[in-house]
Structure formats: structure tokens, C-alpha cells
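Undergrad: With the input below, show me the fold.
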Amino acid sequence: MPVLLPPALALCLDLLRCPACRTRRLCPDRGALRCPAGHAFDIARHGYAGLLTGSRATSGDDAAMVRARERFLSTGSYAPVRDAVARLAAGSAPERATVVDAGCGTGHYLAGVLDRLPGARGLGLDTSVRALRAAARAHDRAAAVAWDVFRPFPLGTAVADVVLDVFAPRNPAEFHRVLRPTGRLVVVRPTGRHLSELRARLPAMVAVDPAKEQRLHRSLDPFFTVAATEPVEFLAALAREEALGLVAMTPSARHMSHAELDDGGRLPDRVTVSVLATVYRPR
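TA: Alright, predicted model coming up:
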């Protein structure tokens, strides 16, 4: 039996373009999305659309990372980060905004923005099938699409009021192309103090590159100007299982063995959460 078109995906159909043709719109057709030239893309039974073509990206979060992220974020430990993203995104957005989340993961931050904008719709892009399953059910006005954010987006030009990039890869040229001239880009990234207590106990954790901030602004400067930057820093109290989940949901999970996490005495019960959230205007 063909998969029915999810309501959130129906809300966002006008944004999508065929990734093969680049300009033609997609229409629902017997459990798939199809362009007038006949290119077809499946709608997964989990509710997301699979638009990726050619070789698949390999960097998406695996099932264990996604499960850890869902468990950890559900504790509310990162609530101040989510609140900051929602507030900054909603600050200049129209009532019926279109929000695109590049590298959306489980849709946690996109859902926070949509909660703050009752008339808005959202579209999340990610390569991880496991994450997309979660993103497709994260909010009743959020659709999810399988896509590699390093490629040209399967979206029309100047269709978004807000683009989110929260702990995710960046594609400045595409961010600029899909944003309206009055739109805003919100970028969230860790500072060198982020999770410092965990890094001190677990040397194998991936460190924040000291040059990351400079590279970020250099890559965005041709396309955007900074409107405002807000630091978000606080101490989060963590039970052992929460600390384990926090490590497991990050890229560090790929570099660490179970043995390295086995000694509970090595895990701190409080960690510093430290990020910068910047709002950018298109040039």
C-alpha cells in the first residue's frame, strides 16, 4: 500500500525542487514525490522524503548516537540552548515563517522554534536515516528530508525566513540562496569551554578546534553580516547515565571504546555547557 503524504510534508511541498532537475517542483504520486520529468523519490513509511541521489553521505549519525541524543535532550539539560535558538530565530521572523534546519538531527531545535512561532512551518535536512525518523515526528508542522547539506539544497531560491545551523555542517552559499533578503541565519557552535569537565576526564573526546571561530566567520563573511551574538553558558548537573548519553550523542562516540567509559568515577556530575549563538543577515 502506498505511503500517505505526511501532513507536515504537504505543508512544505512548494519549497522542494527536484534534485535531478534542480528547478522543477515535486508532486505526490502513489507514495512518492515526482517531478514533471518523471524523477521519483520515495516517501519513507517513517514520514520523511528521501531526496538524496547518487552516492550517499557517510557522516550521518548512527542509530546509537540518535538514541543517545533523543534520551539526553529529553532530560531538558540543554533547554537554555534550545530556548536561545527559538528566541533568536523568532525575533525577526514573520508570523507565518518558513524555517529550514540544515543538519536538523532529531528535529529538537526546529521543534523549539516552531513552538515559539505558532503560524510557522519547518523543514529539516539531514543525512541520517535514524535521525530523520525522529525529525519527522518532532513537530506536527515540521517535515523532514534526506539530504546532504554540503550539496546544493533541493529547495527553491529565497523561500526561507530562517535557516538554522545548530552544531551542524555549514553551506554558506546555499544558506544565502534559500534565504529571503529579509531572512536570518542562526548559527550555534561550541566554545572551547564546552563540556570541559568531560574532556578533562576523557582525553579521547574530540576537542573544539581553537581556529573554528575564525574559520566560521571567514566562510560566512562573503554572504552574511553579523546582527548579534549571544553566549549561552551554564553548569548542567548530570547523573552518570546522562553523562554517558551526552558523550554517546557526540562525534566523540566514534573515537571511544566502552572500556574508556566503564569507570563511573571518571565521569563528572556537573559539566559546563558553553555555546555561541549568532544571528546573521544576508548581504
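Undergrad: pull the helix or strand with minimum mean pLDDT from this structure.
TA: Using mean pLDDT, DSSP states H and E, the weakest-scoring helix or strand in the chain turns out to be helix 258-261, at a mean of 62.
Undergrad: can you pull out the strands in the chain?
TA: Per DSSP state E, the chain carries strands over the ranges 27-28, 32-34, 40-42, 49-50, 98-102, 121-126, 142-146, 160-166, 179-190, 224-237, 270-282.
Undergrad: and the direction of the longest one versus that of strand 270-282, what angle?
TA: What separates the directions of strand 224-237 and strand 270-282 is an angle of 160 degrees, with axes from the mean of the first three to the mean of the last three CA atoms, to 10 degrees.
Undergrad: What pairs with strand 224-237, parallel or antiparallel?
TA: strand 270-282 (antiparallel) (DSSP bridges).
Undergrad: mind listing what's buried in the strand it pairs with?
TA: Buried residues in strand 270-282, defined by neighbour count with 16 or more other CB atoms under 10 Å: 271, 272, 273, 274, 275, 276, 277, 278, 279, 280, 281, 282. Placement of C-beta: from N, CA and C, glycine included.
Undergrad: which stretch among the strands of the chain comes nearest residue 197?
TA: strand 270-282 (4.7 Å; CB to CB).
Undergrad: so how far is the closest one from its chain's centroid?
TA: Centroid separation for strand 270-282 versus its chain: 14 Å, with CA atoms, centre = their mean, to the nearest Å.
Undergrad: for the record, mean pLDDT for that strand?
TA: Here strand 270-282 scores 97 as its mean pLDDT.
Undergrad: same question, stretch 25-45
TA: Per-region confidence: stretch 25-45 scores 93 on mean pLDDT.
Undergrad: Pull up the distance across it, start to finish.
TA: Across stretch 25-45, the terminal residues are separated by 22 Å (CA to CA, to the nearest Å).
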